[in-house]
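Peer 1: test case, fold it:
(one chain, ligands or ions: 1)
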Amino acid sequence: MKKLSSFLLTIAILSFILVHSCSSEEDDTTAPNVIQTSEPEPPAPTQYSLTVTAGEGGTVSTEGGTYDEGTEVTITATPSEGYRFIGWEGCDGGIFCDDLPNNIITYYDTFTFDITSNTKIKAIYILAESSTPDLISNSGYKFYYNFSNGMPLEWITYFKNLMIYLNELFDIKPRGPEYGAIGNGDQGIVYSWVLEEGSPFEDEIGLPYCKTCVYGYKTNKSLLLGLENEEVENIGVGSNFHGYSVIVHEIFHVYQLNKSNLEEPPFSDLIPYVKYIFEGGAAALESLWIQQTFGYNYFYDQNQHDAQQAIESPELFEDPHNDLAIDDNYSNSIFLFLALVKEIQSKNNIDEISAFKKVYVDWWSYEGERLTKEEQFELIFGFSIQSFYDSLDNYSPEIQSVLPSETITLEEIFQG
Ligand SMILES: [Zn+2]
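Peer 2: The predicted model follows:
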């Protein structure tokens with residue numbers, strides 16, 4: 001709005017100057033034929049500069065130039081041999097970086113947009129170990145893998161097989177820029193290492209703020225799997241499943257981001273974000289997968305403490321930054337997620353699989369007009385978020401009161 005009003009003000013001032021100079025010219029001359037009787041020419045369109053640069057490892061199709069406001073521009077990034085294109089990074093003064101300077105704004109190598117302000121944009125490349133994807137989804141989304149020297153071969157082998165399974169389950173799709181900074185693009189790069197090694201991928205991903213996460217800020221869209229030594233050794237012994245289930249958790253986050261139509265640039269947070277649906281759902285999915293694969297009830301392991309706080313103050317678990325919410329291992333978020341599935345089932349009188357589908361698939365697939373979390377909750381689940389919170393009084397705070405049945409499979413939820 002600020003830009004629009006200053007634009008209008010500029011037009012107003014320009015019009016005044018034009019009128020004023022016309023009339024002074026009129027005063028100075030006696031010749032009637034110089035008086036303009038036709039409509040004044042519309043003011044020249046506002047022009048903006050576009051600066052396109054290439055980082056090390058590739059070229060760009062144009063260096064930019066000066067364009068009339070609203071001009072549609074297409075730019076293309078081409079990596080040199082041995083490099084891989086990561087994304088376009090927007091920067092100071094550009095339309096894309098009002099909120100997040102130097103953020104990746106799209107992962108597509110060809111990018112079309114309208115010039116609406118002075119814009120600087122840079123193509124980012126990284127050294128490619130391989131230009132051939134390690135895995136391609138049915139829809140064409142590409143995964144690249146990176147393993148540190150410290151990752152055990154057994155873990156790598158399991159990871160590769162699990163990725164094939166998860167890729168079939170979720171069918172992640174190439175997405176345009178409207179899918180948000182970490183939801184869009186047509187590739188995801190996995191970095192896996194053992195934390196004791198330090199930061200073996202510092203050149204590629206810097207020093208990320210998280211060890212296991214989908215990491216899309218500033219560098220590239222990466223899936224980080226920085227694991228403890230004990231997590232990658234002796235997996236499957238006792239209750240040691242997390243070194244594998246974390247893969248399910250993080251790939252599910254890619255699915256969530258890939259499915260949901262996020263904010264247009266400049267990007268805001270994932271909206272509508274409800275922590276117990278985003279994180280509680282991903283953590284519960286780990287347990288469902290472990291239950292299905294190893295016949296082990298990992299929900300008990302995730303349950304670090306009873307869910308009294310979740311029952312009494314569920315709204316605390318909507319926001320990931322709420323310090324008051326006691327949520328080790330997301331145990332209260334998992335409780336709320338599973339209670340939500342029970343309520344979806346009973347309030348809509350549907351079976352358990354259909355209830356899981358609503359919160360695992362329908363919630364993320366919603367592509368209508370942008371809604372608040374309260375509105376989207378009611379639209380997708382059929383009852384208000386407040387009535388869900390009121391219903392929590394009927395639950396006891398032990399995980400047993402919300403456990404799903406033991407025969408559920410992920411295939412039924414995501415593919416049935
Ligand atoms: Zn997570």
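Peer 1: is the residue of the stretch 101-250 of the chain found nearest the ion within a helix or a strand, and which one?
Peer 2: The ion sits closest to His249 of the stretch 101-250 of the chain, with a gap of 5.5 Å, by CB to the ion. For glycine as for every other residue, the C-beta is placed from the backbone atoms N, C-alpha and C. Using DSSP states H and E, His249 maps to helix 242-259.
Peer 1: tell me the first helix or strand C-terminal of that helix.
Peer 2: On the C-terminal side of helix 242-259, the nearest following helix or strand under DSSP H and E is helix 275-294.
Peer 1: now do that following helix: which elements does it pack against?
Peer 2: Contact analysis of helix 275-294 by 3 or more CB pairs under 8 Å, 6 or more residues apart in numbering; DSSP states H and E lists helix 242-259, helix 299-302, helix 331-348, helix 410-414 as its packing neighbours.
Peer 1: any idea how the protein splits into domains?
Peer 2: Per automatic domain parsing, the structural domains of the chain span 47-127, 143-267, 271-416.
Peer 1: tell me which of those lies nearest to Asp134.
Peer 2: With distances scored as CB to CB, the stretch of those nearest to Asp134 is domain 143-267 (4.4 Å).
Peer 1: for the closest one, what is the average pLDDT?
Peer 2: Per-residue pLDDT values over domain 143-267 give a mean of 82.
Peer 1: now do stretch 273-293
Peer 2: 95.
Peer 1: over to stretch 364-374?
Peer 2: 85.
Peer 1: buried set for that stretch?
Peer 2: Going by neighbour count (16 or more other CB atoms under 10 Å), the buried part of stretch 364-374 is Trp364, Tyr366.
Peer 1: how long is that stretch from one end to the other?
Peer 2: End-to-end distance of stretch 364-374: 15 Å, with CA to CA, to the nearest Å as the criterion.
Peer 1: ok, now which ones touch the closest residue to Ser131 other than its chain neighbours?
Peer 2: In space, and not counting its chain neighbours, Ser131 is closest to Arg84: 6.3 Å by CB to CB, 6 or more residues apart in numbering. Neighbouring residues of Arg84 by CB atoms under 8 Å, 6 or more residues apart in numbering: Tyr125, Ile126, Leu127, Ala128, Ser131, Tyr144.
Peer 1: and the residue nearest to Asn138 when sequence neighbours are not counted, how many neighbours does it have?
Peer 2: If you skip the residues right next to it in sequence, Asn138 has Asp171 as its closest partner in space, 5.3 Å away by CB to CB, 6+ apart. Neighbourhood size, Asp171 [other CB atoms under 10 Å]: 15.
Peer 1: quick one: Leu225 from Glu154, how far?
Peer 2: According to CB to CB, to the nearest Å, Leu225 and Glu154 sit 15 Å apart.
Peer 1: I'd say Gln415 and Phe170 touch.
Peer 2: No: counting by CB atoms under 8 Å, Gln415 stays clear of Phe170, with 9.4 Å between them.
Peer 1: so for these two, which sits in the more crowded spot?
Peer 2: Per other CB under 10 Å, whichever of Gln415 and Phe170 has more neighbours is Phe170, with 21 against 12.
Peer 1: circling back: look up phi and psi at the residue nearest to Ser131.
Peer 2: Backbone torsions of Arg84, given as degrees, to the nearest 10, read phi -130, psi 140.
Peer 1: before we move on, what about Tyr67?
Peer 2: phi -130, psi 150.
Peer 1: what of Glu202?
Peer 2: Main-chain torsions, Glu202, degrees, to the nearest 10: phi -60, psi -40.
Peer 1: tally of neighbours for it?
Peer 2: Around Glu202 there are 10 residues (other CB under 10 Å).
Peer 1: quick one: contacts for it?
Peer 2: By CB under 8 Å, 6+ apart, no residues touch Glu202.
Peer 1: list the contacts of Val361.
Peer 2: For Val361, the contact set (CB under 8 Å, 6+ apart) comprises Lys259, Ile413, Phe414.
Peer 1: check which helices and strands the helix holding His249 sits against.
Peer 2: Counting by 3+ CB pairs under 8 Å, 6+ apart, helix 242-259 packs on helix 153-170, strand 212-215, strand 222-227, helix 229-232, helix 275-294, helix 363-365.
Peer 1: if I pick whichever residue of the stretch 301-416 of the chain sits closest to the ion, what's in contact with it?
Peer 2: Residue nearest to the ion within the stretch 301-416 of the chain (CB to the ion): Tyr330, separated by 7.6 Å. Counting by CB under 8 Å, 6+ apart, Tyr330 makes contact with Glu279, Gly280, Ala283, Gln302.
Peer 1: how does it look with 10 Å?
Peer 2: Residues in contact with Tyr330 (CB atoms under 10 Å, 6 or more residues apart in numbering) are 249, 275-276, 278-284, 286, 302, 304, 317, 336-337.
Peer 1: the nearest residue to it once chain neighbours are set aside and Ser391, how far apart?
Peer 2: Among residues not flanking Tyr330 along the chain, Ala283 sits closest, at 4.2 Å (CB to CB, 6+ apart). According to CB to CB, Ala283 stands 21 Å off from Ser391.
Peer 1: what do you get for Thr53?
Peer 2: For Thr53 relative to Ser391 (CB to CB), the value is 55 Å.
Peer 1: neighbour count winner among the two?
Peer 2: Ser391 (16 against 13).
Peer 1: just to check, Ala54 is in contact with Ile86?
Peer 2: No: applying CB atoms under 10 Å, one finds Ala54 not in contact with Ile86, separated by 11.8 Å.
Peer 1: which residues do those two both contact?
Peer 2: In terms of CB under 10 Å, 6+ apart, Ala54 and Ile86 are both contacted by the residues Ala77, Pro79, Ala123, Ile124, Tyr125.
Peer 1: what about the fourth one, neighbour count?
Peer 2: Here the number of neighbours of Ile124 (other CB under 10 Å) works out to 22.
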